[in-house]
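Trainee: Pasting the sequence and the predicted coordinates here, then a few questions.
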Amino acid sequence: MRFKIFSKRALMGTEVAITIIHDSKREAAEAMDAAFKEIIRIESIMNIYDSKSEAFKLNEIGCLSNPSPELRYVLDRALEYYERSTGLFDIAIEREKLDEDQKPILLEDKFVKLSKGVRRISLGGIAKGYAVDRAATVLRSMGIRSALIDAGGDIAAIGEKVENEPWRIGIRDPLKKENILAVVKLSDKSIATSGIYERSGVKNPKTGKFVKDTLSATVIHEKTIDADALATIALISPEMGLELAETYQAEILVIRRSGKVLSTQGFHEYVESWSVNNLR
């Protein structure tokens, strides 16, 4: 007999929901608790609004000695995507001036510091995906082979829901949130969507203006941290997103405000059904 347990908590600036299907209810509950504890731990490092966090101290002082391995990894990945996207993925949220050639941080062996002209950074576009990946790692290490972690649309699917039946994820209509545009099937994959679902929207760091021409970008990848970052890039520049999709072996679906849909060919292999004919 298999048991299904579900829980959700307010974490990482959103609602995090975890579903576990396992043959021991006790083991599932223990794994659930451990996964949430890991997300809380990551949030305690990355939350720029928590005065005890490393990210807060970096913003407050401008420099941080001996950053934790977790913060170092996330910052390193953020710099990687900054460079690959020619500055479109930028964790700097306050600069003295827009400068596409200025990296947001300087990351060395024993310290990290904000670059000249950068007043503040935010890890909101990448830390959430990392937290989901860490929670997935914890679940797998505890013997969980069937689970779904959803942190406000950054989702990791562990294994299958049941044997020979993958997890099914709905992609919402960015203009009508109650409608589902498509349903995708995932097993041991991650998916993330960036778009006008978000209350604050997404700015193009090179112009300082909110993205208007693209409604949403959905990315499927092996890791949630990569899907998270790539979805942000694809929302700002679908062309850059599609270019990087090939580099990172990701699949992307972009919906433009004009109604035009752009995607990698491989994305369609995950789609079980379309709810709108013009998205086929």
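Mentor: On my side now, so go ahead.
Trainee: Strands along the stretch 101-250 of the chain, start to end?
Mentor: Assigned strands in the stretch 101-250 of the chain, in chain order: 105-107, 111-114, 118-121, 147-151, 154-158, 167-172, 180-186, 189-195, 214-221 (criterion: DSSP state E, counting those that start in this stretch).
Trainee: where does this structure have low pLDDT?
Mentor: Along the chain, the parts satisfying pLDDT under 70 run over 99-100, 197-200, 276-280.
Trainee: State which helix of it is the longest.
Mentor: Ranked by residue count and defined by DSSP state H, the top helix of the chain is helix 25-46.
Trainee: who's in contact with it?
Mentor: Contacts to helix 25-46, defined as Cβ atoms under 8 Å, 6 or more residues apart in numbering, come from residues 3, 5, 7, 9, 11-12, 16, 18, 20-22, 50, 52-55, 68, 70-71, 74, 123, 127, 130-132, 134-139, 142-144, 147, 149, 151. (Glycine included, C-beta is placed from N, CA and C.)
Trainee: how about a cut-off of 7 Å?
Mentor: Contacts to helix 25-46, defined as Cβ atoms under 7 Å, 6 or more residues apart in numbering, come from residues 3, 5, 7, 9, 11-12, 16, 18, 20, 22, 50, 52-55, 68, 70-71, 74, 123, 127, 130-131, 134-135, 138-139, 142-144.
Trainee: mind listing which of the residues you listed are in helices?
Mentor: Mapping the contacts of helix 25-46 onto helices (DSSP H) picks out Glu54, Ala55, Glu70, Leu71, Val74, Ala127, Tyr130, Ala131, Arg134, Ala135, Val138, Leu139.
Trainee: how about the nearest residue to the residue nearest the centre of the chain, chain neighbours excluded?
Mentor: The centre of the chain sits closest to Asp228, judged by Cα atoms, centre = their mean, with a distance of 2.6 Å. Setting aside the residues directly before and after it, Asp228 is nearest to Gly129 in space (Cβ to Cβ, 6 or more residues apart in numbering), at 3.0 Å.
Trainee: and the one you found, what does it touch?
Mentor: Asp154, Ala192, Thr224, Ile225, Ala227, Asp228.
Trainee: follow-up on the earlier one: any buried residues in the longest helix of the chain, and which?
Mentor: Across helix 25-46, burial judged by 16 or more other Cβ atoms under 10 Å covers Ala28, Ala31, Met32, Ala35, Phe36, Glu38, Ile39, Ile42, Glu43, Ile45, Met46.
Trainee: So the nearest residue in space to Ala135 that is not next to it in sequence versus Ile5, what's the distance?
Mentor: Of all residues not flanking Ala135 in the chain, Ala35 sits nearest, at 4.2 Å (Cβ to Cβ, 6+ apart). Distance, Ala35 to Ile5, using Cβ to Cβ, to the nearest Å: 11 Å.
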